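Q: This is a predicted model, with the sequence first.
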Amino acid sequence: MLNYNISLDLIFHALADPARRTIVERLSQGPASVSELARPLAMSLPAVVQHLQVLEASGLVQSEKVGRVRTCRIEPVVLKTAEQWITERRASWEHHFDLLGDYLAEHPEEPDERSS
């Protein structure tokens, strides 16, 4: 469980930055070179590389260098870890809202004791 939580922490940390989310969105369309990933971002190439290092440390992105070109790709299994965690939370919230709805349906329009 500890490794799972550390993994989630790294994933959510990586996704917390808008530039890194832009990179992940682009990579969800297919592999891309570092220069392709840098093109739409208003930052230097070294800054993009730093963002990619965070994404790689989280496991969300993998890269390989062939010749002078470094190509990055998304790691969907890791993204699925975050999706699973969010889905589990959503199910819990929906269950609690259902319970609240049931309670409110059973106790309609009870007078507010403070207004008496």
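A: Thanks, I have it. Residues are numbered from 1 along each chain as shown.
Q: Identify the single longest helix in this protein, thanks.
A: Across the chain, the longest stretch assigned as helix under DSSP state H is helix 76-106.
Q: so what secondary structure elements neighbour that helix?
A: Contacts defined by 3 or more C-beta pairs under 8 Å, 6 or more residues apart in numbering; DSSP states H and E place helix 76-106 against helix 2-15. Heads up, the C-betas are built off the backbone N, CA and C, glycines and all.
Q: how does it look with 10 Å?
A: If you count contacts as 3 or more C-beta pairs under 10 Å, 6 or more residues apart in numbering; DSSP states H and E, helix 76-106 packs onto helix 2-15, helix 18-27, helix 45-58, strand 61-66.
Q: Now render the ones you listed as CSV, adding distance to T87.
A: Putting the helices and strands packed on helix 76-106 into CSV (distance: least, C-beta to C-beta, whole Å) gives the following:
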stretch, distance to T87
helix 2-15, 13
helix 18-27, 18
helix 45-58, 19
strand 61-66, 22
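Q: Contacts only, for the residue nearest in space to the middle of the chain.
A: For the chain, the residue sitting closest to the mean C-alpha position, by C-alpha atoms, centre = their mean, is L15 at 4.8 Å. Neighbouring residues of L15 by C-beta atoms under 10 Å, 6 or more residues apart in numbering: R21, V24, V54, L55, S58, L60, L79, A82.
Q: out of those, who has the most neighbours?
A: Among those, L55 has the most neighbours (other C-beta atoms under 10 Å), with 28 neighbours.
Q: Let me see the contact set for that residue.
A: Residues in contact with L55, defined by C-beta under 10 Å, 6+ apart, are 10-11, 14-15, 17, 20-21, 23-24, 27, 37, 61-63, 72, 74-75, 78.
Q: From these, keep the buried residues only.
A: 10-11, 14-15, 20, 23-24, 27, 37, 61, 63, 72, 74-75, 78 (16 or more other C-beta atoms under 10 Å).
Q: min pLDDT across these, which one?
A: The member of those with the lowest pLDDT is V78, and it reads 90.
Q: hang on, isn't that residue packed against L10?
A: Yes - using C-beta atoms under 10 Å, V78 is in contact with L10, at 9.1 Å.
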